[in-house]
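> Structure for the following, please:
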Amino acid sequence: MTRHAPRRESSHRTLAAAFIAAVLSVMPTFLLGGVAVLVRADLGFSESRLGLCISAYYVASGLTAVPAGRLAERLGGLRGCSVGILISVSALLGIAVLAHQWWQLALCLVLGGLANALLQSSTNLALARGVPDRHQGLAFGLKLANGPTATLLAGLSASVIATTLGWRWAFVAMACIAVGFFLVRPTAWRSETPFVPEPGVAADADVPPLVLIALGCTFATIAGASLVGFYVESAVAGGLSIATAGWLLASGSVVGTVARGGWGWLIDRRGSSGYGLIAMLLVVGTLAFGLLGVRAGVPVLFGATLLAFAAGWGWPGLVLFAVVRSSPGAPGKATGIAITGTSTGGIIGPSLFGYLAEHVGYTVAWGVAASCLLIAAVCITAGAGLAARRIAV
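Down below sits the predicted model:
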């Protein structure tokens, strides 16, 4: 991969732009999770239908992830972000204006999934090209703090905007923020050169290890997408008010945001691939997710929430850093494969969790989510081992 020595200020601008674009990539579904109680009450559909709506977002993202990675390499990372942001704005405004039945909501989330596929690959490519190698662990960790940050915004929207002005205005507000960022984006985005691998670097990704890692991402995202989509619903079912649940969600998101950057900084300091830390976080997250289903009062729920966001949902940046580092000749395709795994988990997770919550209760649903994190740890460890053996041959 062509490597430059980016100026410090240029690297900072690239990271800031990639982070904001990454936040916008997940806002349609994360914001829906924060205001889901109000949306369901207004449109009149069940928890299972909510799961199907969220899954529609991940279906679209998963089916288009690899082609979107190739498109990002052709456009350039930051120019790809511009296109993705406009698609995300369309999804947010579509939900605010056009969603009057659950299937219309699902169609708007399909559009959001397309935006997510392009924005994830584009932001990863931008960081791979625009941030020095020695800081990429931190950069990917901070960029993948987009999930907790989006959840924080969703929690605040549920507590402040949706409960006062109505849930549709929360989506309008987020669309306005996205439009504002698009209008002030750097003019350099428009003249960015396409991605070109360095001579002598393999122009394709090592697929077999990536498939195992993507499978691990699938199981881990089954849990993570359920956390985002159903945390407020679960807390309200346990007796909390929507406002209190929203503030707990926001608190977990703050800790998750800090943790993702911290894990990336740690990887840079240690100079490791990150796979060992990923496995450890998933195992710790197993305990946290199990505790989310235990009705033991607000203090236990608060502690489990912080741990769930910091560990059980703190791994995505590390995974993307690892696959980009191991595929310098095709970072877009490599991250596309990983995103296919996360998107598949997003397809399965909300629908499965919603079904379990509706028919057997939230305690069982959180237990299943916890088990998925443990399976994910095994798959990612196996994928990392296979990659190491293939390099050694």
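> nearest residue to residue 295 other than its sequence neighbours?
Leaving out its chain neighbours, the residue that sits closest to residue 295 by C-beta to C-beta, 6 or more residues apart in numbering is residue 238, at 5.6 Å. To be clear about C-beta, it is placed using only N, CA and C from the backbone, and glycine gets the same treatment.
> check contacts around the one you found.
Counting by C-beta atoms under 8 Å, 6 or more residues apart in numbering, residue 238 makes contact with 295, 301, 362.
> And those residues, which is closest to residue 150?
Distance to residue 150 across those (C-beta to C-beta) is lowest for residue 301, with 21.2 Å.
> What confidence value was assigned to that closest one?
Residue 301 carries a pLDDT value of 89.
> try residue 347
79.
> before we move on, what SS does it have?
What DSSP: H, G, I helix; E, B strand; the rest coil gives for residue 347 is helix.
> on contacts alone, who are the packing partners of the helix or strand containing residue 21?
Assigned by DSSP states H and E, residue 21 belongs to helix 8-34. Applying 3 or more C-beta pairs under 8 Å, 6 or more residues apart in numbering; DSSP states H and E, one finds that helix 8-34 makes contact with helix 47-75, helix 77-98, helix 102-130, helix 136-143, helix 146-156, helix 167-183, helix 207-237.
> quick one, what contacts residue 20?
Per C-beta under 8 Å, 6+ apart, neighbours of residue 20: residue 181.
> distance of it from residue 311?
Taking C-beta to C-beta, to the nearest Å as the measure, residue 20 falls 25 Å from residue 311.
> Check residue 86 too.
In terms of C-beta to C-beta, residue 86 sits 35 Å off from residue 311.
> Per-residue pLDDT of residue 35, please?
Residue 35 is given a pLDDT of 86.
> can you count the residues close to it?
26 (other C-beta atoms under 10 Å).
> And for residue 239?
Residues near residue 239, counting by other C-beta under 10 Å: 11.
> What does it show for phi and psi?
phi 110, psi 0 (degrees, to the nearest 10).
> any idea how far it lies from residue 296?
With distances taken as C-beta to C-beta, residue 239 is found 12 Å from residue 296.
> got it, and residue 119?
38 Å.
> Mind checking which of those two has more residues around it?
residue 119 (30 against 11).
> OK, contacts around that one?
Taking C-beta under 8 Å, 6+ apart, one finds 21-22, 24-25, 80-81, 84-85, 88 in contact with residue 119.
> Correct me if wrong: residue 110 contacts residue 56.
Yes. With contact defined as C-beta atoms under 8 Å, residue 110 counts as touching residue 56 (5.2 Å).
> Tell me which of these two has more neighbours.
residue 56 (25 against 19).
> roughly how far apart are the residue lying closest to the more buried one once chain neighbours are set aside and residue 32?
Among residues not flanking residue 56 along the chain, residue 106 sits closest, at 4.2 Å (C-beta to C-beta, 6+ apart). Computed as C-beta to C-beta, the residue 106 to residue 32 distance reads 10 Å.
> do residue 302 as well
Distance from residue 302 to residue 32, by C-beta to C-beta: 24 Å.
> could you give the mean pLDDT of stretch 150-166?
80.
> That stretch: end-to-end distance?
19 Å (C-alpha to C-alpha, to the nearest Å).
> from the middle of its chain, how far away would that stretch be?
A distance of 19 Å separates the centroid of the chain from that of stretch 150-166, by C-alpha atoms, centre = their mean, to the nearest Å.
> Just the buried residues of it, please?
Within stretch 150-166, the residues scored as buried using 16 or more other C-beta atoms under 10 Å are 150-159, 161-163.
> how about the helices in the stretch 251-393 of the chain?
Counting by DSSP state H, counting those that start in this stretch, the stretch 251-393 of the chain has helices at residues 275-292, 298-307, 316-326, 331-359, 362-392.
> Which among those helices is found nearest to residue 217?
helix 331-359 (3.5 Å).
> Just list what that closest one packs against, helices and strands only.
Using 3+ C-beta pairs under 8 Å, 6+ apart: helix 331-359 touches helix 47-75, helix 102-130, helix 207-237, helix 316-326, helix 362-392.
> Need those helices in a markdown table (columns: distance to residue 94).
Formatted as a markdown table, the helices and strands packed on helix 331-359 follow (distance: least, C-beta to C-beta, whole Å):
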| stretch | distance to residue 94 |
| --- | --- |
| helix 47-75 | 12 |
| helix 102-130 | 4 |
| helix 207-237 | 19 |
| helix 316-326 | 26 |
| helix 362-392 | 29 |
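> any chance of those helices in a markdown table, plus mean pLDDT and distance to residue 278?
What follows is those, written out as a markdown table (pLDDT from 0 to 100; distance: least, C-beta to C-beta, whole Å):
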| stretch | mean pLDDT | distance to residue 278 |
| --- | --- | --- |
| helix 47-75 | 83 | 20 |
| helix 102-130 | 88 | 16 |
| helix 207-237 | 88 | 8 |
| helix 316-326 | 81 | 5 |
| helix 362-392 | 88 | 6 |
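> so which of the ones you listed comes closest to residue 258?
Short answer: helix 316-326, nearest of these by C-beta to C-beta, at 12.3 Å.
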